[in-house]
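>>> I would like the atomic coordinates for the input below:
(one chain, ligands or ions: 3)
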Amino acid sequence: MISLKDYINQNSANSDQDKAIFEIINKISDGVIQISKLLYGINSLDLFGKYGGENIHGEEVEKLDLLANDIFLENFIQTEYISAVVCEELDDIKQIHGHDDSYLVMMDPLDGSSNVDVSVSIGSIFGVWENNFDYSDFKSYKGSNLKMSMYAIYGPNTILVIGYDSKVISFILDSESKFVMLDQNIKLPLNPKYYSTNLSNNKNWSKDIQEYVDTLRINESLTQRYVGSLVVDFHRNLLKGGIHLNPKNVRMNKSKLRLMYEANPLAYIINIAGGKSFSEGVDTLELEPEGIHQTVSLIIGNANLTKNIE
Ligand code: AHG
Ligand code: MN
Ligand code: MN
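Ligands and ions are numbered 1, 2, ... in the order given. As a prediction, this is how the structure comes out:
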């Protein structure tokens, strides 16, 4: 079985872009291994609980949210290829280097915070764009301009999924803290199994969305699953086929998921895997960003199940 380190060594030399992207993958994976060691380590109980403050979205911050943020930032400052970071837990963009041909990483360092204290699977999500150093205008950081996106799952085991160069590949962390390849070309199964959404939000959805979800509910080939950690719901559907929905709350005129570090990175991966994604009435990857912490609706999964409905 090929290790992630060997895979990186074999593929880094192809081009300048490959060298940079694989170095970034390397740094992200080192951070994932550190978080994994903490989660499954001897003092893991210390990681439970709230930090005490709120993030820019008005959500209570867990201790692990901040720890994961710090771990990834520490790894990122070790490479010249990352010159700026956008993070759910940081109000503003963080600039760390001035390298000309460098990249901007947008991350949700810990996705599924509400599941931490009850030992339900959680993850980390990353999107990587070429940095154009214009931080006043985010229009060029559309999802379709992503160079690479990836995520980690911390569950019964630790998994890395990487979307790069028209391929989705995955790795599993072994008992010696080494990532080894699981799948070298993930494609969505043609017969999807699951629909996944928080049905208790039904009362806040548009009529069209309510009717759409009803068609999924009565579809005899589908059954419902919902974890409440986006990246974990996404991963299950990627492997087994399905659709995940987090529609707009029309009563509040507000969407929940974050475009830059939740919706876009996953939309990039689903597209490569043969699926589709819609946000705010357009293909997620074509949505022009208005801000780094912008929130959007999300309908993502198998192409034959996803519909562009708001
Ligand atoms: P985060 O933990 O990074 O703040 O993200 C939470 C998100 C996402 O992971 C999940 O799918 C969604 O919130 C759950 O929303 P509901 O509480 O409406 O089910
Ligand atoms: Mn999240
Ligand atoms: Mn988060």
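>>> Isn't residue 147 up against residue 16?
No: contact criterion Cβ atoms under 8 Å: residue 147 and residue 16 do not qualify, at 11.9 Å. For every residue, glycine as well, the C-beta is placed using N, CA and C.
>>> of these two, who's got more company?
A side-by-side neighbour count of residue 147 and residue 16, using other Cβ atoms under 10 Å, places residue 147 first with 17 against 9.
>>> I'd like the distance between the more buried one and ligand 3.
From residue 147 across to ligand 3, the span is 22 Å (Cβ to the ion, to the nearest Å).
>>> nearest residue to that residue other than its sequence neighbours?
Nearest residue to residue 147, sequence neighbours excluded (Cβ to Cβ, 6 or more residues apart in numbering): residue 128, at 5.3 Å.
>>> How about residue 96?
Leaving aside its chain neighbours, residue 96 sits nearest to residue 77 (5.2 Å; criterion: Cβ to Cβ, 6+ apart).
>>> One more: residue 7?
Once flanking residues are discounted, residue 7 sits nearest to residue 181: 6.5 Å by Cβ to Cβ, 6+ apart.
>>> what about the one you found, how many neighbours?
Count around residue 181 with other Cβ under 10 Å applied: 16.
>>> same deal with residue 203?
Neighbour number of residue 203 under other Cβ under 10 Å is 9.
>>> Tell me if it really is in a helix.
Yes: counting by DSSP: H, G, I helix; E, B strand; the rest coil, residue 203 is located in a helix.
>>> residues in contact with it?
residue 251 (Cβ atoms under 8 Å, 6 or more residues apart in numbering).
>>> The one 10 residues further on now?
Going by Cβ under 8 Å, 6+ apart, residue 213 touches 195, 197, 199, 202, 205, 245.
>>> Can you pick out the most distant pair from those?
Largest separation among these by Cβ to Cβ: 195 and 205, giving 13.9 Å.
>>> All the helices of the chain, residue numbers only.
Secondary structure of the chain (DSSP state H): helices at 4-11, 16-39, 63-76, 207-217, 230-240, 264-272.
>>> who wins for proximity to ligand 3 among those?
helix 63-76 (5.7 Å; Cβ to the ion).
>>> Now do the buried residues in that closest one.
Buried residues in helix 63-76, defined by neighbour count with 16 or more other Cβ atoms under 10 Å: 63-69, 71-73, 75-76.
>>> Repeat that for stretch 251-266.
Applying a neighbour-count criterion of 16+ other Cβ under 10 Å, the buried positions in stretch 251-266 are 255-266.
>>> swap in stretch 151-164?
151-155, 158-164.
>>> from the chain's centre, how far out does it sit?
The chain centre lies 10 Å from the centre of stretch 151-164; the measure is Cα atoms, centre = their mean, to the nearest Å.
>>> Same check on stretch 165-180?
Chain-centre distance of stretch 165-180: 16 Å, with Cα atoms, centre = their mean.
>>> State the mean pLDDT of that stretch.
The average pLDDT for stretch 165-180 rounds to 98.
>>> do stretch 88-95 as well
So the average pLDDT for stretch 88-95 ends up being 96.
>>> for it, which positions count as buried?
Burial within stretch 88-95, assessed by neighbour count using 16+ other Cβ under 10 Å, is assigned to 88-90.
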